[in-house]
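> only geometry, no sequence info:
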């Protein structure tokens, strides 16, 4: 089968986990076609998508220049992309120890940031019953993650997580952090992110001003506006 783009990228217009992969594709200058699945219609839970990802979640990626190789789970996709296509180490690292630190932060993003931030949004917006204790728990987890990042970034070379430069370790945190600061912490008394977590806030601002990140966040905001969010 002939494909105009190197990759077919299965994602969702609002899902944070898809956007972090899109950041990497853009940063590496790779050509891809985004297929935005209809989550409300259950398109992600049936073939042909489940033939690619049996877990029925976004994102997933097919590399047409590598025998239609398919891969899912955002962290695995990111590692595949930098291992295979970031030969100049623009957003990854060459040193072995630094590489494991990069993987460490990717794992923390996937296990310590994404699920907790996602639960905050679930209980704030979508859970059929109001559960204030659950909202409080996950908002506190957001602030705990901010605190962990702030403490590390305050001492880190260049103000980045690994190697003294922006890498996929940093970029992977952007979508959920952005969503949390815009929505999940709104109205929470006594929270001032720039003052309480200055290293974290400065790091986040540098990342969202990157050309490709800024471009994709603007596209996401457009989708959100169209959806009335």
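Nice, thanks for sending it over. Please read all numbers here as calculations on a predicted model, not as lab measurements.
> roughly how far apart are the residue lying closest to residue 106 once chain neighbours are set aside and residue 31?
Sequence neighbours aside, residue 75 is the residue nearest to residue 106 in space, at 4.8 Å (criterion: C-beta to C-beta, 6 or more residues apart in numbering). The C-beta positions use only the backbone N, C-alpha and C, and glycine is treated the same way. According to C-beta to C-beta, to the nearest Å, residue 75 and residue 31 sit 22 Å apart.
> So between those two, which is more surrounded?
Counted by other C-beta atoms under 10 Å, residue 75 and residue 31 do not tie: residue 75 has more neighbours, with 19 against 12.
> Which element, helix or strand, includes the more buried one?
Here residue 75 is covered by helix 74-85, with elements defined by DSSP states H and E.
> Name the surrounding residues that touch that helix.
17-18, 20-21, 24-25, 28, 30, 59-61, 63, 66, 71, 91-92, 103, 106-107, 109-110, 168, 172 (C-beta atoms under 8 Å, 6 or more residues apart in numbering).
> Break the chain down into its structural domains.
7-85, 96-226 (automatic domain parsing).
> And the longest one, end to end?
To tie it back to what came earlier, the one meant is domain 96-226. Distance between the boundary residues of domain 96-226 (C-alpha to C-alpha, to the nearest Å) amounts to 44 Å.
> Quick one: the strands in this protein, in order.
For the chain, the strands defined by DSSP state E cover 7-11, 32-36, 60-63, 69-72.
> Any chance of CSV for these, columns mean pLDDT and distance to residue 45?
What follows is these, written out as CSV (pLDDT from 0 to 100; distance: least, C-beta to C-beta, whole Å):
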stretch, mean pLDDT, distance to residue 45
strand 7-11, 98, 13
strand 32-36, 97, 15
strand 60-63, 98, 13
strand 69-72, 98, 14
